[in-house]
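Colleague: Model the structure of this input:
(one chain, ligands or ions: 1)
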Amino acid sequence: MITLYFYLEKSLGTFLFMRKVIVMKKEELDIILKSTNDAVIVINAIEKITLFNTAAERITGFQEKEVIGKPIKEVIISTRLPYVLNSGEAELNQRQLLGNTTIITSRMPVKDEEGRVIAAVAIFRDISEVMDLTHQIYKLKEMQSLLEGIFHSTQDAISVCNEKGIGVLINPAYTRVTGFTEEDIIGKPVTADIAEGESMHLQVLRTKQPVKNARLKVGSQKKDVLVHAAPIIVDGELKGSVGVLHDLSEIKKLTDELITAKQIIRKLEAKYLFEDIIAEDEGMLAALQKAKQAAVTPATILLRGESGTGKELFAHAIHNLSQRRYNQFVRVNCPAISENLFESEVFGYVEGAFTGARKGGKRGLFEEAHGGTIFLDEVTEIPISIQAKLLRVLQEKEILRVGSTKPISIDVRIIAATNIALEEAVKEGKFREDLYYRLNVIPIEIPPLRKRKRDLYSLVLHLINKYNQEYGRKVEGISQEALRSLENYDWPGNIRELQNYIGRTFINMKYSEKIIEEEHLPKFIHKDVSFLISEKENIDNTAKGEDKSLKEMVAKAEKAYIKEVLKKYRGNRTLAAQELQISLRNLYYKIEKYEID
Ligand SMILES: Nc1ncnc2c1ncn2[C@@H]1O[C@H](COP(=O)(O)OP(=O)(O)OP(=O)(O)O)[C@@H](O)[C@H]1O
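Modeller: Next comes the predicted model:
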């Protein structure tokens with residue numbers, strides 16, 4: 001609008017000026033008409049062109065000599081000069097299209113002394129460029145409001161100075177961090193906010209180079225800040241410097257929060273420490289001692305022990321004592337991962353590796369554990385086809401994602417666990433011998449509960465404490481008789497079984513009862529012993545000298561118990577596996593092993 005008004009004034013001015021110069025000599029008028037930027041076309045009373053100046057030639061593309069004397073409508077089809085001639089009314093500041101050119105034009109009648117219209121004049125100017133500029137200004141204004149919005153709302157404290165080192169702009173975040181307002185900074189030397197250290201703005205103005213991560217103290221409170229500053233260069237000329245401050249106390253607060261969050265996550269993943277492992281038995285204490293010594297080395301550890309003896313507990317404790325404790329602990333429950341997914345779950349895959357592969361591929365569990373520990377629980381369940389790949393990780397310390405030939409370096413400590421004799425799995429061809437040797441670097445044997453009955457009392461007290469907290473109870477201990485009953489049982493499910501058993505005992509106790517007595521003990525123990533009898537493996541016979549090894553007895557008990565649970569759930573293997581607290585794959589394995597129908 002401002003631009004248009006400007007042209008209105010100018011064209012009108014030119015017209016009035018021209019009326020004055022009519023009296024001028026023709027040569028002078030010619031010079032003016034040739035040199036003005038405004039195009040001028042004059043037509044006479046019969047609509048023929050009588051004047052066509054140089055600017056009119058430039059804008060229309062016609063030459064003066066070819067148009068003089070021609071009817072205006074033959075030269076400029078869209079002309080409105082004939083209307084002005086007829087109406088005698090001026091048309092000022094009209095926008096018009098001449099081909100591809102936008103012009104702004106004023107058309108005026110020329111009258112004789114008696115007021116008769118004897119000619120009409122059009123004075124116009126090409127405004128395409130001006131239109132472009134208007135558009136650009138509009139866009140710049142839009143950008144300016146956008147930047148102002150960002151500048152005022154960002155949490156980054158920003159200050160800008162000119163090339164002389166005088167403050168010109170600060171944002172609200174700057175005031176929040178430093179305590180300085182616009183009054184304190186704008187128009188003042190950039191050193192105004194510095195409490196200790198050199199102004200980074202001055203350094204930038206001197207060197208024309210950006211500065212990163214400089215530490216300064218600002219404001220009366222000498223706040224620690226981190227500064228980034230960069231030169232503002234326009235058309236190759238230094239115009240000033242822009243600086244961004246970060247409050248270090250805020251960064252420290254966030255870092256502390258991050259560390260706490262990491263510790264919580266780590267605790268959730270590897271929640272047990274060596275102090276959480278109850279042990280009084282010598283064999284168990286020796287295992288603990290060995291685990292503690294091994295924990296601080298980078299060596300691979302193989303935890304051996306029956307189901308429920310505490311292998312996972314050991315793995316957590318080892319990770320938490322090692323130097324990797326602040327990094328990930330990743331448990332791989334080997335039997336729980338189906339065989340065809342195993343490779344991609346554990347080693348990851350690249351995009352397009354198989355139908356249904358995620359866009360961008362996926363990190364595997366080994367990559368997740370990078371820098372930390374991977375716990376391969378029930379390692380014998382790793383499909384034989386994958387074992388060679390695992391060997392490669394152990395030897396080369398690198399993995400190959402499914403579908404890729406590019407190895408990825410991995411720094412992971414491996415802890416493996418098995419509840420069956422690996423040597424037998426090797427003999428049966430179910431486990432690679434070379435992998436066995438690689439895993440068996442530091443074997444730690446965790447004794448079954450029946451071999452460390454000395455631990456029973458402490459374990460029971462530990463479990464009483466645990467359930468008191470969980471159920472809000474106040475049980476204080478266990479009677480000698482009840483403890484003896486527990487000692488007479490073999491605990492094939494080890495601590496896990498004991499844990500469940502004490503849980504059930506609590507249910508049998510009244511709220512007011514403080515001591516676990518024999519009468520509170522679930523019949524479970526006796527029932528379990530009766531399995532053995534019902535399996536026609538008369539305990540007496542065993543005692544009388546039928547040489548049965550403990551391993552065979554435990555296997556028989558395991559078989560009988562699995563049969564019992566399967567019967568209870570009418571053959572539903574999923575529910576049975578849940579009750580047995582083993583994976584479905586493991587249950588299938590055991591059904592096959594014991595040839596259970
Ligand atoms: N010495 C111990 N002190 C306290 N709690 C224990 C101890 N050993 C095992 N537990 C508890 O017994 C349960 C079973 O332990 P864990 O899962 O570590 O056994 P596991 O040998 O890994 O079993 P599986 O081979 O079936 O995976 C856990 O709840 C664990 O906290």
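
Colleague: correct me, but Ala482 touches Glu517?
Modeller: Yes. Assessed by Cβ atoms under 8 Å, Ala482 is found in contact with Glu517 at 5.6 Å. For every residue, glycine as well, the C-beta is placed using N, CA and C.

Colleague: Run through this protein and note the low-pLDDT ranges.
Modeller: 1-25, 195, 259-269, 524-548, 570 (pLDDT under 70).

Colleague: Residue of it nearest the ligand, please.
Modeller: Nearest residue of the chain to the ligand: Gly310, at 2.6 Å (Cβ to the nearest ligand atom).

Colleague: How much space separates that residue from Arg452?
Modeller: Look at Gly310 and Arg452: by Cβ to Cβ, to the nearest Å, they are 11 Å apart.

Colleague: Enumerate every residue touching the closest residue to Gly305 other than its chain neighbours.
Modeller: Distances taken as Cβ to Cβ, 6 or more residues apart in numbering place Ile446 nearest to Gly305, at 3.4 Å, with adjacent residues excluded. Applying Cβ atoms under 8 Å, 6 or more residues apart in numbering to Ile446 gives the contacts Met284, Ala287, Leu303, Arg304, Gly305, Thr309, Gly310, Lys311, Phe314.

Colleague: Quick check on Ile158: phi, psi?
Modeller: Per-residue torsions, Ile158: phi -120, psi 140 (degrees, to the nearest 10).

Colleague: nearest residue to it other than its sequence neighbours?
Modeller: Using Cβ to Cβ, 6+ apart, the closest residue to Ile158 is Asn171 (4.8 Å).

Colleague: So stretch 496-508, near the ligand or not?
Modeller: Yes. Using Cβ under 6 Å from any ligand atom, we find that stretch 496-508 touches the ligand at Arg496, Gln499.

Colleague: same question, stretch 447-454
Modeller: No. Applying Cβ under 6 Å from any ligand atom, one finds stretch 447-454 separated from the ligand by no less than 8.5 Å.

Colleague: List every C-alpha atom in that stretch, with coordinates, as CSV.
Modeller: Extracted in CSV, the C-alpha atoms of stretch 447-454 (Å, rounded to 0.1, in the frame of the first residue of the first chain):
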residue,chain,number,x,y,z
PRO,A,447,25.2,-76.5,45.2
PRO,A,448,21.6,-77.6,45.4
LEU,A,449,19.7,-76.9,48.6
ARG,A,450,19.7,-80.6,49.7
LYS,A,451,23.5,-80.4,49.9
ARG,A,452,23.5,-77.2,52.0
LYS,A,453,20.8,-77.8,54.5
ARG,A,454,22.8,-75.6,56.9
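
Colleague: what separates the residue nearest to Ile158 from Leu302, distance-wise?
Modeller: For Asn171 relative to Leu302 (Cβ to Cβ), the value is 60 Å.

Colleague: same question, Leu580
Modeller: 24 Å.

Colleague: returning to that earlier point: Ala482 and Glu517 - which one has more neighbours?
Modeller: When Ala482 and Glu517 are compared on other Cβ atoms under 10 Å, the one with more neighbours turns out to be Ala482, at 19 against 14.

Colleague: Secondary structure element holding the more buried one?
Modeller: helix 480-487 (DSSP states H and E).

Colleague: Report the angle between whichever helix or strand comes after that helix and helix 480-487.
Modeller: Counting by DSSP H and E, the next helix or strand C-terminal to helix 480-487 is helix 494-508. Angle of helix 494-508 versus helix 480-487, following axes from the mean of the first three to the mean of the last three Cα atoms, to 10 degrees, is 140 degrees.

Colleague: Fine by me, thanks again.
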